[in-house]
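J.: I would like the atomic coordinates for the input below:
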Amino acid sequence: MNDTIDNDLRRIYLFAALNDRQLATVRQGMRILSIGAGQRLFDHGQHADRFFCVHSGQIKLFRLSAGGVEKVIEIVRPGQTFAEAVMFMEGRCYPVNAEAIDDSKVWSFDSKAFLQILRESSDSCFRLMADMSQRLHSRLNEIDHLTLQNATFRLINYLLHEMDEKNQTTTDIHLDTPKSIIASRLSIQPETFSRILHNLTREGLISVEGKTIHIHDARRLRSYGQ
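T.: So this is what the prediction gives:
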């Protein structure tokens, strides 16, 4: 049982370079949480003593404006971690809300125990810094897409990212995340989201069938977005 969990843990970038003793420490402080759709995992401003990895389902990270409007910051899917950077922050409070989009299973880890591992091993610490730097670079590119490009480009970029890389011409994308949440994540109004899909359908680039989007020509779609 422990071998299976350890194999799964080593697929998480935070733990990939840990030795067996260090990984055992992580496993001892690990909790498995089942969260129902719409249930909060934590709230903005809550003290942060743990970080997480989605095992199944989806978690949305979001903030609320002064007027109560929800802005989705990130959609976290299986295999992805979140809230790990908070352990390095002064004050250690969650900067966002976390809520399950659908029934989800989340692995929860003890931040204090993991920080102790890093204090005891400079090699583990430097490897983690390198991995987090790469992720930061990727996030900066994503911010560029969200702030410097128009809504059509952002939606097309999202669709291409979701597309199976093994099929470069025709593919189907099943939207397991509600369109309203995707729209918020891309900083697009829901009506604009629908209008862009309609325009892309009219151009013959895609067709929409319920929650499934059929991409007919990925190269032409990419060129249209540019």
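J.: which ones are touching L175?
T.: 182, 211-213 (C-beta atoms under 8 Å, 6 or more residues apart in numbering). Just so you know, the C-beta spots here come from the backbone N, C-alpha and C atoms, and that holds for glycine as well.
J.: would TSV of these with pLDDT and neighbour count be doable?
T.: TSV is the format used below for those (pLDDT from 0 to 100; neighbours: other C-beta atoms under 10 Å):
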residue	pLDDT	neighbour count
I182	94	19
K211	89	12
T212	91	11
I213	93	20
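J.: Run through the residues that contact the most centrally placed residue in the chain.
T.: Note on the chain: the residue nearest the mean C-alpha position is V76, at 2.9 Å, using C-alpha atoms, centre = their mean. For V76, the contacting residues are 54, 58-61, 82, by C-beta under 8 Å, 6+ apart.
J.: Same check on V26?
T.: By C-beta under 8 Å, 6+ apart, the contact set of V26 is 9, 15, 18, 109, 113-114, 117.
J.: try D20
T.: Here D20 is in contact with D6 (C-beta under 8 Å, 6+ apart).
J.: how far away is it from E74?
T.: Taking C-beta to C-beta, to the nearest Å as the measure, D20 falls 32 Å from E74.
J.: which sections of the chain are below the confidence cut-off?
T.: Low-confidence segments of the chain (pLDDT under 70): 1-3, 130-131, 133-149, 164-170, 225-226.
J.: could you pull out the strands for it?
T.: 31-35, 40-42, 50-56, 59-64, 70-76, 81-82, 97-100, 104-110, 171-174, 206-209, 212-215 (DSSP state E).
J.: Would you mind finding the most buried of those?
T.: Ranked by mean neighbour count, the strands of the chain are led by strand 97-100 with a mean of 22 (mean count of other C-beta atoms under 10 Å).
J.: Quick one: distance of that one to the chain centre.
T.: 12 Å (C-alpha atoms, centre = their mean, to the nearest Å).
J.: okay, the contacts of L175 in TSV with distance to R220 next?
T.: As requested, the contacts of L175 are exported to TSV (distance: C-beta to C-beta, whole Å):
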residue	distance to R220
I182	22
K211	23
T212	19
I213	15
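J.: from those, which two are the most distant?
T.: Greatest spacing in the contacts of L175, by C-beta to C-beta: I182 and T212 (13.9 Å).
J.: show me what contacts the nearest residue to D49 once chain neighbours are set aside?
T.: Closest residue to D49 apart from its sequence neighbours, by C-beta to C-beta, 6 or more residues apart in numbering: S111 at 5.6 Å. Going by C-beta under 8 Å, 6+ apart, S111 touches 48-51, 86-87, 92.
J.: From the residues you listed, list the buried ones, please.
T.: 48, 50-51, 86-87 (16 or more other C-beta atoms under 10 Å).
J.: between these, which is closest to S187?
T.: V86 (23.2 Å).
J.: Confirm for me that that closest one is in contact with R92.
T.: Yes: the criterion here is C-beta atoms under 8 Å, and V86 meets it with R92 at 5.9 Å.
J.: Mutual contacts of the two, please.
T.: Common neighbours of V86 and R92 (C-beta under 8 Å, 6+ apart) are 48, 111.
J.: picking that back up, could you export the buried ones among the contacts of S111 as CSV, including distance to A66?
T.: Listed next are the buried ones among the contacts of S111 as CSV, based on distance: C-beta to C-beta, whole Å:
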residue, distance to A66
A48, 23
R50, 28
F51, 28
V86, 23
M87, 29
